[in-house]
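Colleague: Curious how this folds, go ahead:
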Amino acid sequence: MIPHRPGMILDGMEDSSAAMTVDARGLVTGWSDGARRLTGHAAEEVVGRPARDLLARGAPTRPLSRADPAGTALSGTVVVRHRDGRPVSLGLRIRPLRGADGAPGGYLATADVPGGPAPALIDDAVRQASLSMSVLDPELRFVHVNDTACRMMGRPAEELLGRSLSDTLADFEGDPRSFLHHLRVAADRGRPVQYESYAPAPAGSCLHAWTVEIWPVHDASGTLTAVAMAALESTEQHRARERLALLNAAGAVGSTLDVVRTAEELVGLLVPRFAGFASVDLLDWVLGTDEPLAVPPGSGELRRVAHASATEGFPTPAVHLGGQEIHPSDSPPVRAVREGRVVLSGPGDPDFDRWMRTREAETPHNRPFREAVCSTLSVPLRARGTTLGVVLAARTAPREPYAAEDAVLAEELVSRAAVSMDNARRFARERSTALAIQHSLLPRDLPGQAAVEVAHRYLPSASAAGIGGDWFDVIPLSGTRVGLVVGDVVGHGIPSTATMGRLCTAVRTLADVDLPPDELLTHLDDLVSHLAAGGAYDGGGTEAAELGATCLYAVYDPVSRRLALAAAGHPAPALLLPDGTTRLVDMTAGPPLGVGGLPFEATELELPEGSVVALYTDGLVEDRDRDVDHATTELCRALAAPATSLEALCDGVLKAVLPEEPGDDVALLLARTRALGEDRVRTWDVPPDPAGVAAARRSVGEQLTAWGLDDTAFVTELVVSELVTNAIRYGEPPIQLRLIRHTALICEVSDASSTSPHLRRAHAFDEGGRGLLLVAQLTQRWGSRQTDTGKTIWAEQPLPPE
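Modeller: Numbering: from 1, shown residues only. Below is the predicted model:
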């Protein structure tokens with residue numbers, strides 16, 4: 001016990017504590033200077049009055065707890081009224097006092113302020129802090145709030161003190177469960193909590209960001225006496241982080257070269273982080289492959305390609321996807337398109353209200369849109385000086401209306417998407433052009449020929465790389481033979497398509513000369529090398545040498561049933577034999593075209609009638625995610641699958657071998673071989689004697705009679721006479737004559753000389769020089785080709801109708 005001598009007790013406490021003494025009746029008998037500084041009351045105003053009068057009215061009370069093991073001291077928290085009327089929360093320590101005779105004489109109440117500034121100064125600092133600061137008792141009732149907390153809660157301190165936090169928050173909109181959970185963690189578990197929230201303040205409806213600190217307060221004995229809370233508003237920092245996050249996420253917009261998909265990605269970026277509703281409307285020409293069109297003044301005709309809402313309850317858009325949106329000429333979207341700038345608008349703006357009234361008159365269900373929206377941004381989609389359309393972003397409560405910095409951010413986001421859309425549009429235009437060029441160069445209706453039955457497929461790549469330079473061709477040759485060619489130009493787009501056109505034309509020209517496959521590839525390789533050496537520019541910023549190409553050329557003869565082929569860096573074809581077995585042709589691929597200086601090797605093999613030869617480009621079997629050997633095995637297995645026709649077999653191969661989304665162009669050419677029997681071919685050896693001409697003519701006439709072609713006898717015998725005479729006169733033995741009857745009647749004369757004849761116009765007194773000119777006039781076409789033993793001169797004439 002402490003002797004009851006108030007003056008002595010309060011001496012020495014004036015600088016370190018706020019203290020008072022109370023007698024047994026509850027009257028104040030002593031008042032220190034620290035108590036004056038803390039409460040603003042002078043000693044003469046307090047001494048003699050009941051201590052209860054100092055408590056704030058309506059302040060919470062709770063039983064005092066023992067503060068020492070002996071149980072002689074009590075501690076607790078009370079709220080007293082400052083002289084200026086504001087409440088002050090004090091942590092008190094109360095000890096009993098004894099008189100000189102040992103009888104109970106009252107109590108000593110102290111509020112320690114050890115070594116710190118004056119309590120009034122601390123209270124002023126807390127009260128005026130920009131942070132929201134509050135103190136709650138263990139039952140989460142307010143015992144102290146500063147001015148910022150009162151403004152945030154929208155209530156004066158008198159209405160908050162003593163009230164439960166849950167009761168206070170129940171009067172406001174929003175969900176306080178998370179906030180109460182963190183408070184309970186601090187109160188029940190006795191550990192501090194820090195978290196961030198983004199929600200409306202209790203005193204308002206707009207969203208605000210807060211960084212909240214909550215910590216338990218313990219007395220000297222470790223007993224929980226209060227829970228303190230400080231909240232710093234970080235709305236601006238939160239919005240700055242949101243803007244940076246949006247700008248960073250904008251890099252993912254335009255992941256595909258597709259205009260509509262890019263618009264959808266832009267809407268997905270804006271909703272819900274930037275807008276409650278967003279839409280993208282484009283000018284019609286943007287969705288095609290036409291040149292950019294000038295925007296007519298006041299034109300509001302746009303095509304809706306994407307829209308989205310943050311919530312299901314948001315009003316239904318006035319126009320469906322793919323539909324036409326017609327805006328008034330003074331509406332914010334049309335102004336944005338016409339003026340090429342962001343238009344910030346919303347309820348109360350005359351243009352916006354007029355626009356909404358027009359929409360409501362046309363679509364009455366659109367009225368909730370105007371009622372829900374608090375602000376809109378109309379942002380023009382512009383790229384490289386061309387307007388593509390407009391983006392509308394609408395914001396709803398509780399978010400704040402758009403401000404100037406939001407318009408700047410929206411313009412940056414939309415401009416990035418606009419570049420991606422323009423790239424997609426340009427890609428679509430280039431792809432369309434490349435496809436048109438490629439389709440004009442690839443064979444549509446393959447020419448009639450007797451050697452093979454063919455089926456073909458060409459699948460352009462759907463990847464962002466664009467159309468490649470794959471091609472194929474079927475070229476009729478002399479003697480009912482046929483040339484089969486497939487090739488692939490490295491690269492994509494118009495440059496590779498243009499190079500493909502050059503090579504395709506060159507192969508046809510060289511094939512018309514009847515060059516063997518290895519010689520044809522040698523000449524083609526020289527052509528590519530010369531283009532590269534000359535720096536031939538393809539118009540796409542790439543030299544021809546950087547493109548390169550592969551090619552496979554094969555010649556099939558239905559008379560001998562032999563297939564001769566050579567490749568320049570191209571995959572070997574696959575074979576399906578009549579007995580159902582399949583294999584790849586064993587051949588040397590050779591270097592790609594344009595390498596130069598290396599030979600090409602020809603491979604020759606005999607095929608039974610009805611064999612299927614599959615020529616293809618590497619896109620069918622090569623991919624970074626596939627094994628080539630496995631893919632070629634699948635190809636051979638697919639060729640052996642039953643099919644009702646060659647066309648069906650072609651489709652079956654593509655379905656079995658190709659992945660769902662091939663990454664490269666694919667060209668596939670299937671050729672089923674035919675054979676000409678002895679009943680359609682006759683061959684005679686001709687002696688190198690002019691007398692042999694008449695015998696050859698008679699033999700041909702007899703064969704034509706046997707074939708029922710007497711109507712062609714006159715012309716055929718004249719052609720045979722001229723060609724055999726030239727072979728005897730200018731060629732070298734052995735000389736051979738051959739007649740082939742199929743879709744046309746072909747006459748061939750071969751000799752051992754490699755000198756090819758040519759047409760010339762004979763002068764009036766020349767004795768010769770008119771034979772080939774006569775042959776050319778009488779037949780449908782004629783020509784010569786080099787052979788391993790010399791040359792062959794041939795002439796072809798149509799068969800009479802049956």
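
Colleague: what about the nearest residue to L649 once chain neighbours are set aside, is that helix, strand or coil?
Modeller: Excluding the flanking residues, the one nearest L649 by CB to CB, 6 or more residues apart in numbering is A643, at 3.7 Å. For the C-beta atoms, the positions are set from N, CA and C on the backbone; glycine is no exception. Classification of A643 by DSSP: H, G, I helix; E, B strand; the rest coil places it in coil.

Colleague: Count the residues that sit near A643.
Modeller: A total of 18 residues lie near A643 under the criterion other CB atoms under 10 Å.

Colleague: what's the answer for D711, then?
Modeller: With other CB under 10 Å as criterion, D711 counts 11.

Colleague: ok so, going back, quick check, the residue nearest to L649 in contact with K655.
Modeller: No. Here A643 does not reach K655: they are 11.3 Å apart, not a contact under CB atoms under 8 Å.

Colleague: And the next helix or strand past the helix or strand where A713 lies?
Modeller: Assigning secondary structure by DSSP states H and E places A713 in helix 713-730. As assigned by DSSP H and E, the chain's next helix or strand after helix 713-730 is strand 735-741.

Colleague: Which helix runs longest in the protein?
Modeller: helix 404-441 (DSSP state H).

Colleague: Pull out the buried residues from that one.
Modeller: Neighbour counts over helix 404-441 (16 or more other CB atoms under 10 Å) mark 406-407, 409-411, 413-414, 416-425, 427-428, 430-431, 434, 437-438, 441 as buried.

Colleague: likewise stretch 333-343?
Modeller: By 16+ other CB under 10 Å, the buried positions in stretch 333-343 come out as P333, V334, R335, A336, V337, R338, V342, V343.

Colleague: pretty sure the third one is touching S378, no?
Modeller: If I follow you right, that is R335. Yes. R335 lies in contact with S378 (CB under 8 Å); the separation is 7.0 Å.

Colleague: tell me, what's touching the two both at once?
Modeller: Taking CB atoms under 8 Å, 6 or more residues apart in numbering as the criterion, R335 and S378 both touch V343.

Colleague: Helix, strand or coil: sort out the residue nearest the centre of the chain for me.
Modeller: For the chain, the residue sitting closest to the mean C-alpha position, by CA atoms, centre = their mean, is S255 at 2.1 Å. Three-state call for S255 (three-state DSSP): coil.

Colleague: Name the nearest residue to it, ignoring sequence neighbours.
Modeller: In space, S255 is closest to E265, 6.6 Å off (CB to CB, 6+ apart).

Colleague: Following the helix or strand where that neighbour lies in sequence, what is the next regular element?
Modeller: E265 is part of helix 259-270 when elements are defined by DSSP H and E. Next helix or strand after helix 259-270 toward the C-terminus (DSSP H and E): strand 277-282.

Colleague: which other residues reach that next one?
Modeller: Defining contact as CB under 8 Å, 6+ apart, one finds that strand 277-282 is touched by 259, 263, 266-267, 270-271, 302-310, 314, 317, 325, 333, 369, 373, 381, 388-394, 396, 421.

Colleague: what does stretch 210-223 give?
Modeller: Residues outside stretch 210-223 that contact it (CB under 8 Å, 6+ apart): 65, 67-68, 75, 91, 135, 179, 182-183, 185-187, 190-199, 224-234.

Colleague: For R637, which residues are in contact?
Modeller: T582, A656.

Colleague: Please identify the buried residues of the one helix or strand it maps to?
Modeller: Secondary structure from DSSP H and E places R637 in helix 628-639. Neighbour-count burial for helix 628-639 flags A631, T632, E634, L635, C636, A638, L639 (criterion: 16+ other CB under 10 Å).

Colleague: Helices of the stretch 201-350 of the chain, residue ranges please.
Modeller: For the stretch 201-350 of the chain, the helices defined by DSSP state H, counting those that start in this stretch cover 235-249, 259-270, 332-339, 350-362.

Colleague: and those as a markdown table, adding mean pLDDT and distance to L283?
Modeller: Putting these into a markdown table (pLDDT from 0 to 100; distance: least, CB to CB, whole Å) gives the following:
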| stretch | mean pLDDT | distance to L283 |
| --- | --- | --- |
| helix 235-249 | 77 | 26 |
| helix 259-270 | 89 | 11 |
| helix 332-339 | 88 | 8 |
| helix 350-362 | 79 | 19 |
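
Colleague: who wins for proximity to S461 among those?
Modeller: helix 259-270 (17.1 Å; CB to CB).

Colleague: From the contact counts, what lies against that closest one?
Modeller: When contacts are defined as 3 or more CB pairs under 8 Å, 6 or more residues apart in numbering; DSSP states H and E, helix 259-270 packs onto strand 277-282, strand 301-309, strand 386-396, helix 404-441.

Colleague: Tell me the confidence at L503?
Modeller: If you check L503, the pLDDT there is 87.

Colleague: Surely it is in a strand?
Modeller: No. Using three-state DSSP, the secondary structure at L503 is helix, not a strand.

Colleague: Run a quick neighbour tally on it.
Modeller: 24.

Colleague: Repeat that for A226.
Modeller: Neighbours of A226 (other CB under 10 Å): 22.

Colleague: now the one 3 residues further on
Modeller: Residue crowding around M229 was assessed by other CB under 10 Å; the count is 23.

Colleague: Please indicate which of the contacts of strand 277-282 are buried?
Modeller: 259, 263, 266-267, 270-271, 302-310, 314, 317, 325, 333, 369, 373, 381, 388-394, 396, 421.

Colleague: was I right about S331 contacting D351?
Modeller: Yes. Between S331 and D351 there is a contact at 6.5 Å, judged by CB under 8 Å.

Colleague: neighbour-wise, which of those two wins?
Modeller: Counted by other CB under 10 Å, S331 and D351 do not tie: S331 has more neighbours, with 24 against 15.

Colleague: Apart from its chain neighbours, what residue comes closest to the more buried one?
Modeller: W355 (4.0 Å).

Colleague: Put the alpha carbons of stretch 375-383 into PDB.
Modeller: Output of stretch 375-383 as PDB, limited to C-alpha atoms (Å, rounded to 0.1, in the frame of the first residue of the first chain):
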ATOM      1  CA  SER A 375     -18.400   7.700 -68.300                       C
ATOM      2  CA  THR A 376     -17.200   6.700 -71.800                       C
ATOM      3  CA  LEU A 377     -14.100   6.900 -73.900                       C
ATOM      4  CA  SER A 378     -14.300   6.700 -77.700                       C
ATOM      5  CA  VAL A 379     -10.800   5.900 -79.000                       C
ATOM      6  CA  PRO A 380     -10.000   5.900 -82.700                       C
ATOM      7  CA  LEU A 381      -8.200   2.800 -84.100                       C
ATOM      8  CA  ARG A 382      -5.400   4.400 -86.100                       C
ATOM      9  CA  ALA A 383      -2.300   2.900 -87.500                       C
END
